[in-house]
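J.: Show me the folded form of this:
(chains A and B)
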Amino acid sequence: MSHRLSLSQAFVFLLRRDLLLALRNRAEYAMPLLFFVLVITMFPLALGASPQLLARIAPGVIWVAALLAAMLSLDSIFRSDFDDGSLEQILLSPHPIALLVLAKVSAHWLVTGLPLLIVAPLLAEMLGMPADAQTTLLLTILIGTPILSLIGAIGVALTVGLRKGGIILSLLVLPLYVPVLIFAASATENAASGFDPSAQIYMLLAFLFLSISLSPWATAAALRMSAS
Amino acid sequence: MRNDRLLFEQLEISLDAGQMLVVEGPNGCGKTSLLRILTGLRMADGGEILWRGEPIDRLAGDYFEQVNYVGHHDGVKHELSCLENLRLARAMGAPSSIDLDDVLEQVNLYAYGETDVGSLSAGQKRRLALARLLATEATLWILDEPFTSLDKASMAMFSSVFERHLQQQGMIVMTSHHDISLPQQALQRLMLGMPS
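T.: From the prediction side, this is the model:
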């Protein structure tokens, strides 16, 4: 009777299952990445080829695009599980729900956040960003996108039970995204103009640890409410 | 309460090992709500649910390990194969010692082990959802209309699965609009009132 999986095994299992599902729904998960790339490539076309201007706006443009791409992909964290009843089964698992939630959010980040990190250098180069600033940009994306997934998960968990939750979700989540946007963009801007970006980076790290430690519990509680 | 409507009050039921409770009543009388309250997915507005004398909200994980719920939704992933779905169910609960191939054999899905669930029929999906009962080891089965979209042969097959579970001192709470062919002494019936 007590040969149930250990918590870490269950965590890995759920993570692998979500990655497998993402792999089988490639088209859906490629959308945010495509959006990210398209938005950024549109800017040089619309603003004209002025290298100074592009290099100057690059941090802001890349971060706004990353944030919107993250918002676009949020709903997929819990939507399909809610619709087909898998969420009920997860909630009825004897394992702590918060950690299962963390597994799902990690999978979501690997599928939506990590690709942004991979294509970002290419886009930064395209916008003519200086090399120092590029390193900082990647660092902010590495720290910042998991925060977006973690905060977003709370919002999705609260709205997944509503039929038209999309608008409420953006109103709910966007204000919480703004600090990440401000600190990440200003870190990159500092690095681009030759200043030390570490203060902003530390601030982002603080946000990250705060959201890792609080978001899964809040998300689990919100999911219980949505499922009842 | 649902949408500010009182569904039931003054309800007291107790279920012993080896017994089955069938909740009956017209559509909208609160059968599903009652079942979801019993699983702990939904909070009751008043009263409490005891499992072996202890409230379920205090037991939490220890209670969930003992319960297997098959609701209106099958809770199976269409993009995964039958075997992958059952492995997931085991990872999320307390796995039983039966081999998964044997489980699929029992519910007549053996040939579809590697098939994506999305391409199965509604009845086959239902059978896979019910196969979770065999793949995991839980004492209390809570089943919401388990026979939906099943054919006669499958209904008879699952009836005998239920009977065996009761003989092994398991418990079942279910709603059904179908007649259940089980020994009467193990059966309790609860009739919920008309919606007003």
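J.: Residue 13 - how many residues pack around it?
T.: Looking at chain A here, since you left the chain open. 18 (other Cβ atoms under 10 Å in any protein chain shown). (C-beta placed from N, C-alpha, C; glycine too.)
J.: You answered for a different chain; I wanted chain B.
T.: B:Ile13, neighbours per other Cβ under 10 Å, totals 12.
J.: who touches it in this structure?
T.: B:Leu21, B:Gln188, B:Leu190 (Cβ atoms under 8 Å, 6 or more residues apart in numbering or on different chains).
J.: Buried subset of the residues you listed as a PyMOL selection?
T.: In PyMOL, this line selects whichever of those come out buried by 16 or more other Cβ atoms under 10 Å in any protein chain shown:
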select buried, chain B and resi 21+190
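J.: Looking at the contacts of B:Ile13, which are in strands?
T.: Cross-referencing the contacts of B:Ile13 against strands under DSSP state E gives B:Leu21, B:Gln188, B:Leu190.
J.: surely the second one meets B:Glu24?
T.: I take that to be B:Gln188. No. Using Cβ atoms under 8 Å, B:Gln188 is not in contact with B:Glu24, being 10.8 Å away.
J.: Quick one: residues in contact with stretch B:96-110.
T.: Residues outside stretch B:96-110 that contact it (Cβ under 8 Å, 6+ apart) are A:3, B:82-83, B:86-87, B:90, B:112-113, B:124, B:127-128, B:130-131, B:134-137, B:154, B:157, B:161.
J.: Run the chain-centre distance for that stretch.
T.: Taking the mean of its C-alpha atoms, stretch B:96-110 sits 18 Å from the chain's own mean (Cα atoms, centre = their mean, to the nearest Å).
J.: how about the residues of chain B near chain A?
T.: B:36, B:39-43, B:61-62, B:64-65, B:67, B:69, B:71-80, B:84, B:87-95, B:97, B:132, B:137 (Cβ under 8 Å from any Cβ of the partner chain).
J.: Helices - which of those residues land there?
T.: B:36, B:39, B:61-62, B:64, B:84, B:87-92, B:132 (DSSP state H).
J.: Any chance of those residues in a markdown table with pLDDT and neighbour count as columns?
T.: Below are those laid out as a markdown table (pLDDT from 0 to 100; neighbours: other Cβ atoms under 10 Å in any protein chain shown):
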| residue | pLDDT | neighbour count |
| --- | --- | --- |
| B:Arg36 | 86 | 22 |
| B:Thr39 | 86 | 22 |
| B:Gly61 | 78 | 11 |
| B:Asp62 | 81 | 13 |
| B:Phe64 | 85 | 24 |
| B:Glu84 | 87 | 19 |
| B:Arg87 | 86 | 17 |
| B:Leu88 | 86 | 24 |
| B:Ala89 | 85 | 26 |
| B:Arg90 | 83 | 22 |
| B:Ala91 | 83 | 21 |
| B:Met92 | 82 | 26 |
| B:Arg132 | 86 | 25 |
